[in-house]
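>>> quick one: sequence and predicted model below, then my questions.
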Amino acid sequence: MVSANNDWTPFVVSAPGKVILFGEHAVVYGKAAIAGSVDMRAYALVTPRNDNRARMAFPDIDIDVLFDGDTLPRLGSNDLVHPSEVEALVPEGINVSEGPGRIAILTFVYLYGSILAGRNEGAAGFNICVRSLLPVGAGLGSSAAFNVALSAALLQLSGQLQTDGSGAVDRKLINQWAFQGEQVAHGTPSGIDNSVATYGGFLKYVKGEASVSLNSRHALRVLITNTNVPKSTKALVAGVRSLRDRHPAVIDGILDTIHSIATSAAALFQSDSGDATDMAALELQVQDIIQINHGLLSTLGVSHASLERVRAITAARGLASKLTGAGGGGCALTLIPHGTPDDSVDAVERELAVEGFQCYRTVVGGGGVAITREVRGCSIEMWLRSLLDQQQQNTSQSCSDVFDIEIAGFAAFSAGSIAELKPE
Ligand SMILES: Nc1ncnc2c1ncn2[C@@H]1O[C@H](COP(=O)(O)OP(=O)(O)OP(=O)(O)O)[C@@H](O)[C@H]1O
Ligand SMILES: C[C@@](O)(CCO)CC(=O)[O-]
Ligand SMILES: [Mg+2]
């Protein structure tokens with residue numbers, strides 16, 4: 001709990017990005033989807049200050065705002081504000097013009113007003129700085145990782161996060177608030193991205209139902225290709241909605257087929273016996289349905305020439321790819337079947353790089369939201385710094401740009417204070 005004299009110690013919250021294997025867009029209409037976490041995360045560092053002000057620094061999108069605590073909203077449980085109506089709550093003088101910063105500021109103001117309302121009256125203020133290893137707006141759930149990290153940080157500050165005997169935090173509460181944050185950004189998100197960022201792992205998701213963890217015996221190896229073509233998740237989701245409004249029976253048929261793809265894929269992964277021959281057969285079937293799912297998404301109008309280029313390059317080497325996330329640019333996903341020679345994957349990566357695309361090789365699954373309050377033997381800022389240095393070393397060449405930006409921004413953390421990011 002935050003105390004009046006702000007004698008709490010800094011802490012770090014992190015949450016992963018996600019990759020959708022099957023079911024994007026259809027999941028918005030209550031159909032099944034399959035997704036898992038990726039090993040790129042957003043990190044929020046929270047430090048105390050003594051002047052009743054809240055500083056939010058989001059260097060990845062060039063945002064650094066200092067709020068006077070008294071000007072931020074306090075939303076009681078009776079003040080029902082829909083996330084889409086939050087602009088009216090932003091303190092005067094704060095610029096919320098179009099751009100990535102607009103959504104981030106609106107989300108912060110909404111979550112601050114809702115989560116901290118009435119619970120931090122004695123708190124003297126805090127700094128929150130979020131850095132992410134995820135490309136922003138590329139289909140890997142950067143908004144969900146941001147929302148989960150921000151929600152968990154504010155819940156922790158407000159004293160609402162209960163930990164059980166094993167030290168695990170209340171993920172359900174974090175996920176609920178992160179979903180509200182996603183609504184500020186998208187209007188009608190399905191909730192799949194924030195669920196993966198909260199719980200991690202590899203799961204089947206249906207809106208409004210508890211996620212089902214898929215216990216495939218084999219690690220699912222994928223190549224993610226960022227086409228670097230910017231896209232808007234909100235606009236793409238709205239485009240599919242308008243197509244469905246014009247042709248409800250036709251589009252519902254497509255959404256139902258995508259549902260069948262996701263449910264049969266879930267059954268396939270669940271049936272994985274761990275036997276190598278079975279795995280090869282399973283991967284062949286997964287490759288088939290990757291092609292079919294992409295075809296249907298393309299029919300929904302959410303592919304892009306750059307994504308088709310990724311498909312052609314990978315298909316020439318026998319690998320199946322589909323768009324992942326909202327489409328319209330952003331990222332493609334390629335299954336790397338077990339037994340694919342490393343030099344084939346290297347060659348594909350080189351060909352994709354020639355097109356100006358960026359590749360990440362990863363295994364689907366991994367931990368969800370995590371809060372680090374204490375580290376033995378060093379400050380939390382030093383720990384974060386060395387963790388990021390280590391990740392930089394472990395990451396393939398193609399990620400280096402992302403990490404260079406990352407490490408440069410985090411230099412301020414190792415100095416021990418977020419306030420040193422830029423002079424106020
Ligand atoms: N590191 C970050 N710092 C601050 N805000 C961020 C950060 N990463 C993401 N965001 C917020 O999320 C928005 C991007 O979300 P968007 O949903 O369009 O893309 P995505 O989540 O990367 O892709 P998808 O939803 O298709 O998986 C940014 O405009 C910004 O508001
Ligand atoms: C396109 C979509 O299905 C996935 C975005 O990652 C939207 C959503 O589920 O909210
Ligand atoms: Mg998003």
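That came in fine, so what should we check first? Ligands and ions are numbered 1, 2, ... in the order given.
>>> ok but Thr362 is inside a strand, no?
Yes: judged by DSSP: H, G, I helix; E, B strand; the rest coil, Thr362 forms part of a strand.
>>> show me the shaky parts of the stretch 151-300 of the chain.
Applying pLDDT under 70 to the stretch 151-300 of the chain picks out residues 163-167.
>>> quick one: the strands in it, in order.
Assigned by DSSP state E, counting those that start in this stretch, the strands in the stretch 151-300 of the chain fall at 202-205, 212-213, 221-226.
>>> what's the answer for the stretch 301-424 of the chain, then?
Along the stretch 301-424 of the chain, counting by DSSP E, counting those that start in this stretch, strands occupy 321-324, 331-335, 358-363, 370-372.
>>> please see if stretch 358-365 touches ligand 1.
No: Stretch 358-365 lies out of reach of ligand 1 by CB under 6 Å from any ligand atom, never closer than 13.5 Å. In short, each C-beta sits where N, CA and C put it, glycine included.
>>> what residues does that stretch touch?
Residues outside stretch 358-365 that contact it (CB atoms under 8 Å, 6 or more residues apart in numbering): 19, 21, 36-40, 135, 200-202, 219-226, 228, 336, 345, 349, 352-353, 396, 398-399, 401.
>>> tell me who's in contact with the residue most central in space within the chain.
The residue lying closest to the centre of the chain (CA atoms, centre = their mean) is Gly141, at 2.9 Å. Residues in contact with Gly141, defined by CB under 8 Å, 6+ apart, are Gly17, Lys18, Val19, Leu134, Asp193, Val196, Ala197, Gly325.
>>> please repeat the previous calculation with a cut-off of 6 Å.
Contacts for Gly141 (CB atoms under 6 Å, 6 or more residues apart in numbering) come out as Gly17, Lys18, Asp193.
>>> give me the subset of these touching ligand 1.
Asp193.
>>> so which of the contacts of Gly141 are in helices?
Among these, the members found in helices (DSSP state H) are Asp193.
>>> and of the contacts of Gly141, the nearest to Arg74?
Nearest to Arg74 among these: Asp193, at 28.3 Å, using CB to CB.
>>> which one is the closest one nearest to, not counting chain neighbours?
Once flanking residues are discounted, Asp193 sits nearest to Ala144: 3.4 Å by CB to CB, 6 or more residues apart in numbering.
>>> one step back: would you mind finding the most buried of the strands of the stretch 301-424 of the chain?
Mean neighbours per residue, mean count of other CB atoms under 10 Å, is largest over the strands of the stretch 301-424 of the chain for strand 321-324, with a mean of 28.
>>> tell me, how many residues neighbour the closest residue to ligand 3 within the stretch 201-350 of the chain?
Nearest to ligand 3 in the stretch 201-350 of the chain, going by CB to the ion, is Thr233, at a distance of 5.0 Å. Per other CB atoms under 10 Å, the neighbour tally for Thr233 reads 23.
>>> which residues does it contact?
Counting by CB under 6 Å, 6+ apart, Thr233 touches His186, Ala326.
>>> am I right that Pro16 is in contact with Ala35?
No: between Pro16 and Ala35 there is no contact under CB atoms under 6 Å: 11.1 Å.
>>> show me which residues of the stretch 51-200 of the chain sit near ligand 2.
Contacts of the stretch 51-200 of the chain with ligand 2, taken as CB under 6 Å from any ligand atom, map to Gly141, His186, Pro189, Ser190, Ile192, Asp193.
>>> identify, from the residues you listed, the entry nearest to Phe179.
Using CB to CB, the shortest approach to Phe179 within those belongs to Pro189, at 7.0 Å.
>>> nearest spatial neighbour of that closest one, skipping sequence neighbours?
In space, and not counting its chain neighbours, Pro189 is closest to Glu182: 4.2 Å by CB to CB, 6+ apart.
>>> what does Leu154 give?
Spatial nearest neighbour of Leu154, excluding adjacent residues (CB to CB, 6+ apart): Ile115 at 4.2 Å.
>>> and the one you found, how far is that from Ala235?
29 Å (CB to CB, to the nearest Å).
>>> out of those two, which sits in the busier spot?
Ile115 (23 against 11).
>>> check that one and give its pLDDT.
Per-residue confidence (pLDDT) for Ile115: 91.
>>> that one: what's it in contact with?
By CB under 6 Å, 6+ apart, Ile115 lies in contact with Leu154, Leu155, Ser158.
>>> can you lay out the residues you listed as CSV showing distance to Leu173?
Below are the contacts of Ile115 laid out as CSV (distance: CB to CB, whole Å):
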residue, distance to Leu173
Leu154, 11
Leu155, 6
Ser158, 11
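>>> tabulate these in a markdown table, adding columns for neighbour count and distance to Gly125.
As requested, the contacts of Ile115 are exported to a markdown table (neighbours: other CB atoms under 10 Å; distance: CB to CB, whole Å):
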| residue | neighbour count | distance to Gly125 |
| --- | --- | --- |
| Leu154 | 29 | 13 |
| Leu155 | 24 | 17 |
| Ser158 | 19 | 14 |
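>>> of those residues, closest to ligand 3?
Nearest to ligand 3 out of the contacts of Ile115 is Leu154 (CB to the ion; 19.0 Å).
>>> so who does that closest one touch?
Counting by CB under 6 Å, 6+ apart, Leu154 has contacts Leu111, Ile115, Leu116.
>>> ok, Gly30 next?
Gly30 is in contact with Lys207, counting by CB under 6 Å, 6+ apart.
>>> quick one, grab the pLDDT at whichever residue of the stretch 101-250 of the chain sits closest to ligand 3.
Going by CB to the ion, ligand 3 is nearest to Ser143 of the stretch 101-250 of the chain, at 3.2 Å. Per-residue pLDDT puts Ser143 at 94.
>>> which ones are touching it?
So Ser143 contacts Ala185 (CB under 6 Å, 6+ apart).
>>> now it: how far from Val130?
Applying CB to CB, the value for Ser143 to Val130 is 11 Å.
>>> go on, Glu283?
Distance from Glu283 to Val130, counting by CB to CB: 37 Å.
>>> with neighbour numbers in mind, choose between those two.
It is Val130, of Glu283 and Val130, that has more neighbours when counted by other CB under 10 Å, with 25 against 22.
>>> nearest spatial neighbour of the more buried one, chain-adjacent residues omitted?
Spatial nearest neighbour of Val130, chain neighbours left out: Ala44 (4.7 Å); criterion: CB to CB, 6+ apart.
>>> how far does the helix or strand that neighbour falls within sit from its chain's centre?
Here Ala44 sits within strand 33-48, counting by DSSP states H and E. Mean-position distance between strand 33-48 and its chain equals 6 Å (CA atoms, centre = their mean, to the nearest Å).
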